[in-house]
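Enquirer: Predicted model follows, preceded by the sequence.
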Amino acid sequence: MKFLSQTPLIGILRGADTKSVESAAEAVICAGLKTLEITLNRRDAFAQISLLKRKYGREIQLGAGTVLTAEDAEKAIDSGAEFIVTPALVMEVIETCKKNNTPVFPGAMTPSEILSAHLAGAEMVKVFPASALGPAYIKSLRGPFPDIKLIPTGGITLESVSHYLTAGANALGVGSELFRKDWMELGNWNAIQEIAEKYIEAAQKI
């Protein structure tokens, strides 16, 4: 994931209508965000992925999140998703991604789940919900798993960005903290761009 090495942030857009998704994506792309995940919480999520792929495919890496079945993984990849994210350890999704040569970031929390995801072929592992145990947990995982790439996700505040990255996170998944519900509902794209710029600045300082 070339862009994650430059800016270790994944913006997670969840459950918004297509017009809002397009505007919010434009806001964070203008801020400099390079990796975006569209979750499959709406029937039109695949169409949203296709739209963003056509419009911004050269500027960002685009993925699908909350992928729970092999069928949805196939649909997301066919729609243009360049990586797949799951909320839990779903082996059929991992196998589908391997078959399609598509990076997969399975959700895991315990050391056993994290190791299982890695051994199954995950390029990176989404540690979720990260805020339940915080940066100290990521640091503890680095003892037995120094080479497994970790993406803490869930409750990543602006203030905690540096703590997670210093603790050993390879990237961070940021959703509602970046795409705040009130900003999305009001169409406050400037606010989203401004907070995205702050997240990027914090991440690139490490």
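Expert: Arrived safely.

Enquirer: make it CA atoms for all contacts and neighbour counts henceforth
Expert: OK.

Enquirer: Show me where the chain has its helices.
Expert: 2-6, 18-31, 45-56, 70-79, 91-99, 111-120, 135-141, 161-167, 181-186, 189-204 (DSSP state H).

Enquirer: Can you add mean pLDDT and give the ones you listed back as TSV?
Expert: Below are the helices of the chain laid out as TSV (pLDDT from 0 to 100):
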stretch	mean pLDDT
helix 2-6	82
helix 18-31	98
helix 45-56	98
helix 70-79	99
helix 91-99	98
helix 111-120	98
helix 135-141	99
helix 161-167	98
helix 181-186	97
helix 189-204	98
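
Enquirer: what's the closest of these to Lys126?
Expert: Lys126 sits nearest to helix 111-120 of all the helices of the chain, at 8.5 Å, using CA to CA.

Enquirer: wait, doesn't His118 sit right on Ser112?
Expert: No - the pair His118 and Ser112 fails to qualify as a contact (CA atoms under 8 Å) at a distance of 9.9 Å.

Enquirer: ok, Trp183 - contacts?
Expert: 189, 191-192 (CA atoms under 8 Å, 6 or more residues apart in numbering).

Enquirer: among these, who's most crowded?
Expert: Ile192 (24 neighbours; other CA atoms under 10 Å).

Enquirer: What residues of stretch 198-206 count as buried?
Expert: Buried positions in stretch 198-206, judged by neighbour count with 16 or more other CA atoms under 10 Å: 199-204.
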